[in-house]
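Chemist: Need a 3D model of the sequence below.
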Amino acid sequence: MNRRLRAYLPALRKLAIAVAGFSVLAAGVALIVLPGPAVVVIPLGLALLAREFPWAARLLTWLRSLVRRMWAAARRWRPAPLSSPAP
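Modeler: As a prediction, this is how the structure comes out:
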C-alpha cells in the first residue's frame, strides 16, 4: 500500500465512522416524530460515535445508567390494588 495513503487511513476511518454515526443518530432523531424505533436507533448511533469520540462514550455511559435507574424504579413500583365495588 502506498505510504501516503497509509498515512491518511486513520483520518479516513475516523471520518467514515463519524459520517455513519451521525447519519444513524440523525435517523434516530427523525424517528422520534416518525413511526419507528427511535429508542433503538439513537443508542446505535451513539455506540458508533463512541468508538472514536470520548464525548459520545460519556453520553452513552450516562444513557445506560439512566436506563438502568429507570428500570430499577419501574420494577420497584407497584400499582395500588383495584378495590372491588361494594355489593
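
Chemist: Which pLDDT does the model give the most centrally placed residue in the chain?
Modeler: By CA atoms, centre = their mean, the chain has its centre lying nearest to Pro43, at 1.2 Å. In this model, Pro43 is scored at 91, pLDDT.

Chemist: The longest helix seen in the chain packs against which elements?
Modeler: The residue-count maximum for a helix in the chain (DSSP state H) belongs to helix 3-33. With contacts taken as 3 or more CB pairs under 8 Å, 6 or more residues apart in numbering; DSSP states H and E, helix 3-33 sits against helix 38-50. (Glycine included, C-beta is placed from N, CA and C.)

Chemist: any idea of the angle the next helix or strand after the helix it packs on forms with helix 3-33?
Modeler: Next along the chain after helix 38-50, taking DSSP states H and E as the criterion, comes helix 54-76. For helix 54-76 against helix 3-33, the angle by axes from the mean of the first three to the mean of the last three CA atoms, to 10 degrees is 30 degrees.

Chemist: Tell me the buried residues in helix 54-76?
Modeler: Applying a neighbour-count criterion of 16 or more other CB atoms under 10 Å, one finds Ala56, Leu60 buried in helix 54-76.

Chemist: How about residues contacting it?
Modeler: Contacts with helix 54-76, where a contact means CB atoms under 8 Å, 6 or more residues apart in numbering, come from Gly21, Pro43, Leu46, Ala47, Leu49, Ala50.
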